[in-house]
Each structure stands twice: as C-alpha cells, then as structure tokens.
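In: Just to be clear, the model below is a prediction. Sequence and coordinates:
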Amino acid sequence: MEITAIIAICKTALDGGTKIYAAIRKRKLSDIERELLVHAARDGDFYILGTDVHGSWVRAGTKDFFEQTDRAQQAFYLDAFRSLCERGFVHHEDGHLFRLTGTGFAKAREIAGESHELTD
C-alpha cells in the first residue's frame with residue numbers, strides 16, 4: 001500500500017469524510033485495530049515503513065508489525081491501520097509519521113486501561 005493513499009484516507013476522514021467514513025466509525029474495533037491502539041497509547045506515534053524487498057509495514061509506538069516469513073501479517077496490520085485512519089483516530093503528521101488524534105488517544109488509552117497495560 002502506498003503511503004500517499006493512506007495519507008489521503010486520513011485527510012478525507014478528518015475533513016468530514018463521507019457517509020462511508022461515518023459508518024466505519026460506528027463499527028466495532030477489530031482485535032488488530034485494538035492491538036495497534038494499545039501500542040500507540042503512550043505517545044500516539046505510528047510510522048508506515050518499508051523497503052523495496054519487504055514492502056510496507058506499520059510501527060505503532062516501538063513495535064514493528066512485520067514478519068519476514070509472513071507477508072499476510074503486514075497486510076492485516078496495514079488494513080487495520082487504514083481503518084483507524086478512516087475512523088478519524090489517526091492523522092498524518094509528516095513524511096512517514098502519523099499520530100493519534102484526540103479521539104484516537106482517548107480510545108487507545110481506554111483500551112490500554114482495560115488490558116491494564118500502557119506499552120512502550
């Protein structure tokens with residue numbers, strides 16, 4: 001997934017989005033979305049990293065969601081990250097850096113508190 005596509009999704013969702021984005025916000029969070037939020041709960045940082053050989057992957061906080069032997073893992077976490085952008089929980093900061101919005105921080109810390117861990 002190209003970083004410019006993710007940036008566009010975040011921007012559209014935060015600029016008011018469409019009925020589609022409003023419906024997405026109401027859906028229950030997946031386990032992978034929850035995991036990403038917990039790992040970003042402390043500082044709110046996400047990065048979309050990548051190489052020509054391995055493609056793109058998500059870093060939430062200090063955890064890389066990358067498994068060299070399982071490209072499906074990268075795809076699942078990128079899909080979940082895109083969904084967090086669509087929900088308005090994440091915004092593009094600069095370059096490869098994305099950050100939680102205020103609403104995103106509230107949700108991330110709520111989930112981290114439920115699991116009794118604030119990682120990183």
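Out: Structure's in. What do you need?

In: Distance check, the closest residue to I3 other than its chain neighbours against T4.
Out: Setting aside the residues directly before and after it, I3 is nearest to I48 in space (C-beta to C-beta, 6 or more residues apart in numbering), at 5.1 Å. No exception for glycine: its C-beta is placed from N, CA and C like everyone else's. Going from I48 to T4 by C-beta to C-beta, to the nearest Å gives 10 Å.

In: Next: T69.
Out: When distances are taken as C-beta to C-beta, T69 and T4 turn out to be 28 Å apart.

In: Looking at the two, which has the bigger crowd around it?
Out: Using other C-beta atoms under 10 Å, the more surrounded residue of T69 and T4 is T4, with 9 against 5.

In: tell me which element that one falls in.
Out: Using DSSP states H and E, the secondary-structure element containing T4 is helix 3-14.

In: what's the answer for L29, then?
Out: Secondary structure from DSSP H and E places L29 outside every helix and strand.

In: swap in the one 5 residues further on?
Out: When elements are assigned from DSSP H and E, R34 belongs to helix 31-40.

In: Report all helices and strands that that helix contacts.
Out: If you count contacts as 3 or more C-beta pairs under 8 Å, 6 or more residues apart in numbering; DSSP states H and E, helix 31-40 packs onto strand 55-60, helix 71-86, helix 102-114.

In: can you pull the contacts of L36?
Out: Neighbour list for L36: F46, V58, A60, F65, Y77, A80, F81, L84 [criterion: C-beta atoms under 8 Å, 6 or more residues apart in numbering].

In: Need phi/psi at the first one.
Out: The phi and psi values for F46, taken as degrees, to the nearest 10, are phi -130, psi 150.

In: And the fourth one, by the same measure?
Out: Backbone torsions for F65, taken as degrees, to the nearest 10, come to phi -100, psi 80.

In: okay, it: pLDDT?
Out: As summarised for this prediction, F65 has a pLDDT of 93.
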